[in-house]
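**Q** need coordinates for the following:
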Amino acid sequence: MNWKYFVLTGLIFSVNWSCLKAPEYPDEPVIDFISLSKNVVKQSQFNQDSTYITFSFTDGDGDLGDNDSVNIFLTDQRTKINPTLFKIPFLSQNAGAKGISGEIKLRVYSECCIYPNGETPCYPSTTYPTDTLVYSIYIKDRAGHKSNIIYTPPIILLCQ
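**A** Have a look, this model is predicted:
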């Protein structure tokens, strides 16, 4: 009688396992913020300090990545400028899978402090010891679909 129980349990498990479907994602990429490696960096013009920004992505039609085009758009919200250009390399789907998902980790170098009184950026300031920086991020797939926009938590720039 015990062996029948095990066979029946195994059969039910295999039937349920075979009914599981791969997740379905929208054709537009979707990103979610995961982490910031550190939120305090020294201002710099010469890549002397950095932080890592990690976010997840999904794309239903699996057409993320391009070896030739910029497809990660990171914008300094203080200046509305893209300080660094990032590319997702060409990504391929697993056979039979619909869509792709994963994580992206970007190394972002420090920016210069911007002073409200017009002092020269990137020079030490005793009047303004810190500045605050937030990045917005979105991605595009090969079809031109734009993802949602995410924002980093505030990053403190040490201006001394």
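
**Q** element containing Thr51, please.
**A** strand 50-59 (DSSP states H and E).

**Q** I meant to write Ser101 there.
**A** Going by DSSP H and E, Ser101 is in strand 100-109.

**Q** show me which residues of that strand are buried.
**A** 100-101, 104, 106, 108 (16 or more other Cβ atoms under 10 Å). The way it works is simple: take the backbone N, C-alpha and C, and place the C-beta from them, glycine included.

**Q** could you check how far the residue nearest the centre of the chain is from Leu106?
**A** In the chain, the C-alpha nearest the mean C-alpha coordinate belongs to Phe55, at 3.1 Å (Cα atoms, centre = their mean). Taking Cβ to Cβ, to the nearest Å as the measure, Phe55 falls 8 Å from Leu106.

**Q** next: Asp76.
**A** 13 Å.

**Q** what does Pro153 give?
**A** For Pro153, the distance to Leu106 - Cβ to Cβ - is 15 Å.

**Q** equivalent analysis for Pro89, please.
**A** Pro89 is 13 Å from Leu106, by Cβ to Cβ.

**Q** remind me which residues of this protein are low pLDDT?
**A** Low-confidence segments of the chain (pLDDT under 70): 1-23, 93-97.

**Q** so His145 makes contact with Phe57?
**A** No: using Cβ atoms under 8 Å, His145 makes no contact with Phe57, being 11.9 Å away.
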